[in-house]
Each structure stands twice: as structure tokens, then as C-alpha cells.
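[1] Got a predicted structure here, sequence first:
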Amino acid sequence: MSAHQYDEGHTVAGWTGFGIATVGSTVAGVGVCTVSALLIGAGLGIVVVSVLVTWALHLTGWGKPPGRRDREQWGMRVRDPSARAGHAGCVGCRLAGRGRGRGRVVEEYAVVPRESARAGETAG
């Protein structure tokens, strides 16, 4: 068996965000059942807080993306050592200014105009 097996990334950040979002969804659901705009708004506010808490925990190393990693890194209570540099393809890291998107040179492409088709012909 390989030392690098697939890890689903179940982390403190993920479970904390899930718990807070569940409470927010429950509050919003109760608000829908009781026709209370205040409870619906409070529930949606709690869901927004869950996103922010999850993002903050992810950036501090308590959230890991799924993928291949050493078995020692699989535990939920193990912080991600690569969190400071950012994760490749991670929107949260990119929003925080981390990851591969920083300092990259964007290539320029020349736009070549196509010839337009004559009357009665199709371009292609």
C-alpha cells in the first residue's frame, strides 16, 4: 500500500462550519414555518457567519483540501502545514491573497480578425 492515500479533508474548519450552518438553517426553517421575517433573517445571518468562521479556520490551517497526503496528516486535529502559502485552486486562499494566483504573469494573445463571408456563403 502507498504511503500517500486519498484523504477526504474532514477537518475542524469543515465540521465547525457545518455545525453553525445547520443551526442557521434550522433557525431560518423555523422562521419560514412561523412566517417570521426576523427568524428568517437571523437564520441567514448565522449561515453567513458560518461561512466566515470556516474561511478563517481554513486560513489558519484548520482546513485542508481533499487529496493525497501522508497518513500523519489525516487526523482532524492536525493543522495543515501548507496553509500559509495557500492551496492550489482554492477560492478561499485566492480571496485572501494566497495561492498560485499571486504574482503570476498573464500572457497576452493577439486577436486576429477573420475574413467576413461573402453574400450567400457561410463563414467557417
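    That came in fine, so what should we check first?

[2] all helices for the chain, in order.
    Per DSSP state H, the chain carries helices over the ranges 12-33, 37-57, 91-95.

[3] In TSV: those, plus distance to residue 79.
    C-beta: built from backbone N, CA, C; applies to glycine. Putting the helices of the chain into TSV (distance: least, Cβ to Cβ, whole Å) gives the following:
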stretch	distance to residue 79
helix 12-33	9
helix 37-57	10
helix 91-95	15
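
[4] mean pLDDT for these: which is lowest?
    For the helices of the chain, mean pLDDT drops lowest on helix 91-95, to a mean of 79.

[5] Identify each buried residue in it, please.
    Neighbour counts over helix 91-95 (16 or more other Cβ atoms under 10 Å) mark 92-94 as buried.

[6] got those residues as a markdown table, with distance to residue 27 columns?
    Converted to a markdown table, the buried residues of helix 91-95 look like this (distance: Cβ to Cβ, whole Å):
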| residue | distance to residue 27 |
| --- | --- |
| 92 | 25 |
| 93 | 30 |
| 94 | 31 |
